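*Asks:* Predicted model, plus sequence, below.
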Amino acid sequence: MTTRPYTTTDAGVPAPSDEFSLSVGPNGPLLLQDHYVIQKMAQFNRERVPERVVHAKGGGAYGVLRITEDVSQFTKAGLFQKGAETDLFLRFSTVAGELGSPDTQRDPRGFAIKFYTGEGNYDLVGNNTPIFFIRDPSKFSDFIHSQKRRADNNLRDHNMQWDFWTLSPESAHQVTFLMTDRGTPRSWRHMHGFGSHTFLWYNAAGEKYWVKYHFKTDQGVENFTDAEAGAVIAQDADYHIRDLFTAIKNGDHPSWTVNVQIMPFEAAADYRFNPFDLTKVWPHADYPEITIGKLTLTRNPENYFAEVEQAAFEPANLVPGIAASPDKMLQGRLFSYPDTHRYRIGANYLQLPVNRPKAPVHSYNKDGAMRYSNPGDPVYAPNSANGPAADPSFFAGESYQVAGEIIRSAYRKHAEDDDFVQPRALWENVLSDTDRDHLVGNIVGHASAPEVTGDMKKRVVEYWTNVHKDLGHGVAAGLGLA
Ligand code: NDP
Ligand code: HEM
């Protein structure tokens, strides 16, 4: 008699065999009445959910946010009050590659946090860069198509990528980040995270501020060179997942210092850059970073599929004290994520343990595929049966005036808005000589792919010359166009 548990069907019925199908004699055909084997085969056919359309490859861990400073003058959000400790789940990812793609490919990295707050889930779905390639959501699917695979040969294609970027000059700031060695981070532990967008914070008195989040790695920024990242690809496609999992398993808990930049609400109107344009940062000289706490990762998931693959982040999950800004990209994302979750995971994705809030849920939504926890009566609002009723006081202070004609247009330009001014500042004032050499080399390597045409190379040189003439010269020389 063994002490091992016995195999069962998914209905808990003891299984007849782990190796033999039910057949008519040892060599005979199989029988439809072999429910156990049929269940195994059918269940296997349904093991995959669609991979994320972007950010498919990733890994994650649980942790905690601890707030050490008093920022109640800026926001009333419970998770940001001094002394608050909030459980969280953080998923890191690459953007363009598929589920099995190598971790160390050049790409931005996702930095998506789900805070399980006392007032419901707050999701901050950012990247390891403070900016993005585009500023209008109508271009997002086109941008991603240019990063993914061609229709004819199903290959990724650098000519297509440079075609999109050079025709979209607003991409220059993010492409500069991407082509530095920060495009190939050594590990997820050794990179910063950013909320990237501008968000609205409001305090208990209803006073409003614009905010940007910066999560600064306490491990220090460390990157691979292009050659090192390539060598790692050849050895271990899962290098970053392995690094994070192993560190946490060994009790080496990575942490990030949580900083914010705060802009008074009224200052946005005539700030020198459009503060809602996702291709721009707020220079520190204007708005210094303020440290408010620490984020630490402490626990690995126990089941990758259940907890990482089915994790569903959505920028629309905002809690009282925090609201969206008019950033057009953020506005687009408010729609996109819950929509894709309903397709990718199913209508009741919020009931899965990794997505389920730790705060009580009292909505009147009900039923649907795979629903297992439902509200009871009354099933409608308003009702006279003492069912849950909305309390607008939670959101007092969130509202602000907007007015204008309904149009399709670029953002109104602020005094210093220009697609190249901030990447130029990065090149001129921030990058070291070595960083600059590597930036030129990485661009040249990328644009030297055999599919990149001679005409495209000229456009690439022009694009980088707009950032800085020295950068343009370096790229031209590297591409043999000097
Ligand atoms: P600062 O000199 O005050 O800040 C420069 C910032 O760049 C710091 O946050 C620094 O932080 C970061 N940085 C350093 N090395 C690199 C690198 N190789 N790649 C990317 N970022 C790096 O200047 P400003 O605030 O006036 O910004 C100047 C330029 O710096 C911006 O145009 C932008 O390109 C870039 N930048 C600005 C940020 C901001 O929020 N203001 C944030 C990140 C970059 P750290 O070394 O810790 O990363
Ligand atoms: C994932 C859409 C811009 C960060 C996704 C997914 C979609 C999407 C559909 C897949 C989600 C899933 O299947 O679970 C969009 C659209 C954008 C946009 C329409 C612009 C209009 C951005 C920006 C950032 C970002 C600007 C960062 C600042 C992420 C991250 C993930 C993700 C980190 C992975 C989340 C996870 O780990 O599950 N995006 N995105 N996206 N996006 Fe975006």
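*Replies:* All right, it came through fine. Numbers count the residues shown, from 1 in each chain. Ligands and ions are numbered 1, 2, ... in the order given.

*Asks:* my guess is residue 180 contacts residue 439, does it?
*Replies:* Yes. Residue 180 lies in contact with residue 439 (Cβ atoms under 8 Å); the separation is 5.0 Å. To be clear about C-beta, it is placed using only N, CA and C from the backbone, and glycine gets the same treatment.

*Asks:* Quick check: beta-bridge partners of the residue minimising distance to the centre of the chain?
*Replies:* The residue lying closest to the centre of the chain (Cα atoms, centre = their mean) is residue 110, at 3.8 Å. Taking DSSP bridges as the rule, residue 110 bridges to residue 93, residue 127.

*Asks:* looking only at pLDDT, what's the mean for stretch 314-331?
*Replies:* Here stretch 314-331 scores 98 as its mean pLDDT.

*Asks:* Let's see that stretch as PDB, backbone CA atoms only.
*Replies:* Provided in PDB are the C-alpha atoms of stretch 314-331 (Å, rounded to 0.1, in the frame of the first residue of the first chain):
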ATOM      1  CA  GLU A 314      -5.500  47.400 -16.300                       C
ATOM      2  CA  PRO A 315      -4.600  51.100 -16.100                       C
ATOM      3  CA  ALA A 316      -8.400  51.800 -15.500                       C
ATOM      4  CA  ASN A 317      -8.100  50.300 -12.000                       C
ATOM      5  CA  LEU A 318      -7.700  53.600 -10.200                       C
ATOM      6  CA  VAL A 319      -8.600  54.100  -6.500                       C
ATOM      7  CA  PRO A 320     -10.000  57.200  -4.700                       C
ATOM      8  CA  GLY A 321      -7.300  59.900  -4.500                       C
ATOM      9  CA  ILE A 322      -5.900  58.900  -8.000                       C
ATOM     10  CA  ALA A 323      -7.500  59.600 -11.400                       C
ATOM     11  CA  ALA A 324      -6.600  59.600 -15.100                       C
ATOM     12  CA  SER A 325      -5.000  62.700 -16.700                       C
ATOM     13  CA  PRO A 326      -5.900  63.800 -20.300                       C
ATOM     14  CA  ASP A 327      -2.800  62.000 -21.600                       C
ATOM     15  CA  LYS A 328      -4.400  60.500 -24.800                       C
ATOM     16  CA  MET A 329      -2.300  57.400 -24.600                       C
ATOM     17  CA  LEU A 330      -3.600  56.700 -21.100                       C
ATOM     18  CA  GLN A 331      -7.100  57.400 -22.200                       C
END
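
*Asks:* Quick check: buried residues in it?
*Replies:* For stretch 314-331, the neighbour count (16 or more other Cβ atoms under 10 Å) marks 314-315, 317-325, 327-331 as buried.

*Asks:* Just the ones in helices from those, please.
*Replies:* Judged by DSSP state H, the subset of these located in helices is 328, 329, 330, 331.

*Asks:* one step back: if I look at the residue nearest to the centre of the chain, how far off is ligand 2?
*Replies:* Distance of residue 110 to ligand 2, computed by Cβ to the nearest ligand atom, to the nearest Å: 3 Å.

*Asks:* Show the average pLDDT along stretch 264-284.
*Replies:* 98.

*Asks:* Tell me if it is near ligand 1.
*Replies:* Yes. On the criterion Cβ under 6 Å from any ligand atom, stretch 264-284 is in touch with ligand 1 at 281, 282, 283, 284.
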